[in-house]
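# give me the fold of what follows.
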Amino acid sequence: MAWFKRKAPTASIKETKLKEPDGLWVKCDACKEIIYRQELERNAQVCPKCDHHFRIDSKTRLLLLADLDSFKEWDAGLRSLDPLNFKDAKPYPERVKAARKATGMDDALLSGEAMIGGHKVQLCIMEFNFMGGSMASVVGEKITRAVERAIDLRCPVIIVSCSGGARMQEGVLSLMQMAKTSAALGRLARAGQPYLSVLCDPTTGGVTASYAMLGDLILAEPKALIGFAGPRVIQDTIRQELPRGFQRAEFLLEHGFVDLIVNRKQLRATLIKLLDFFAPEKREEFRFA
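So this is what the prediction gives:
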């Protein structure tokens with residue numbers, strides 16, 4: 001019967017389990033490959049296997065675009081009020097408070113002055129992690145102020161959009177920002193200053209219907225979702241099958257709504273080339289740290 005008895009393992013053959021720290025690996029949403037996180041970060045959060053562009057926050061994007069230590073933030077303290085006393089599953093102020101805690105930002109836009117390849121620009125970058133990058137009164141005000149500074153300083157404007165659209169919790173005040181920002185960009189055009197719009201995944205709703213599509217040149221990241229209403233809403237409304245790739249950046253490029261699709265790793269270099277073309281006489285020497 002000794003044959004059927006399990007012997008206790010000796011100390012020399014005991015298994016040692018190695019624990020890996022959490023978060024070392026990331027699964028690509030597109031190709032389902034498992035990627036080492038540091039490799040993904042070195043590749044600008046672009047999948048090295050299939051070129052899928054992961055969503056990134058506004059501060060990471062700032063590091064990818066602006067000259068080192070050149071960014072000066074403006075209007076950081078602006079905060080939304082609760083004009084409608086809006087409440088759904090939870091009150092609007094609680095949603096805003098949670099978003100501030102999660103992102104470390106006061107609202108869904110990072111704006112300020114920066115140098116890109118030696119060119120002074122007014123740079124606005126939307127933060128999707130703040131209530132879906134929704135446009136409310138603060139976002140509209142910050143963009144308008146950035147455009148007005150660009151007119152005064154006679155420098156270009158670059159807006160990087162990543163948004164689900166207007167913020168319903170501020171109702172018509174959110175919708176008013178479409179007209180407000182569009183009017184400001186009209187003044188910028190009359191002043192002869194360039195505006196470059198960069199569309200990321202997703203750019204939808206009132207943002208697409210206003211400043212995102214008013215650029216002198218409109219750039220987009222590969223396969224970014226760009227549109228007004230979502231494809232499912234459109235399909236249910238018209239009761240027709242939508243074309244393959246509908247509302248993706250490549251579809252919009254083919255139909256003339258986007259001027260250029262640029263891989264994230266080449267976006268800074270592309271912006272520098274465009275700024276060299278639009279304002280070659282205004283380039284300044286910037287010493288990198």
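# going by C-alpha atoms from here, please, whenever you check contacts or count neighbours.
OK.
# beta partners for the closest residue to residue 212 other than its chain neighbours?
Nearest residue to residue 212 in three dimensions, chain neighbours excluded: residue 197, at 6.0 Å (C-alpha to C-alpha, 6 or more residues apart in numbering). Legend: beta-bridge partners of residue 197 under DSSP bridges are residue 159, residue 218.
# would you confirm that residue 197 contacts residue 221?
No: Residue 197 is beyond contact range of residue 221, at 11.2 Å (criterion: C-alpha atoms under 8 Å).
# for the stretch 101-250 of the chain, which segments count as helices?
Under the criterion DSSP state H, counting those that start in this stretch, the stretch 101-250 of the chain contains helices at 137-153, 171-190, 205-208, 231-238, 249-254.
# so where does residue 272 fall, helix or strand?
Assigned by DSSP states H and E, residue 272 falls within helix 264-278.
# so which elements touch that helix?
If contacts are counted by 3 or more C-alpha pairs under 8 Å, 6 or more residues apart in numbering; DSSP states H and E, helix 264-278 sits against helix 58-65, strand 109-116.
# give me the neighbour count for the residue nearest to residue 212.
Look at residue 197: counted by other C-alpha atoms under 10 Å, it has 23 neighbours.
# for residue 253, same thing?
Neighbours of residue 253 (other C-alpha under 10 Å): 17.
# near the nearest residue to it once chain neighbours are set aside, how many other residues are there?
Of all residues not flanking residue 253 in the chain, residue 259 sits nearest, at 6.2 Å (C-alpha to C-alpha, 6+ apart). Neighbour count of residue 259, defined by other C-alpha under 10 Å: 17.
# from residue 193, how far off is residue 86?
Using C-alpha to C-alpha, to the nearest Å, residue 86 is found at 39 Å from residue 193.
# quick one: low-confidence ranges for the chain?
By pLDDT under 70, the low-scoring segments of the chain are 1-22, 281-289.
# what residue is smack in the middle of it?
Geometric centre of the chain, nearest residue: residue 162, 3.8 Å, by C-alpha atoms, centre = their mean.
# would you confirm that that one contacts residue 126?
Yes: at 5.6 Å, residue 162 counts as touching residue 126 under the criterion of C-alpha under 8 Å.
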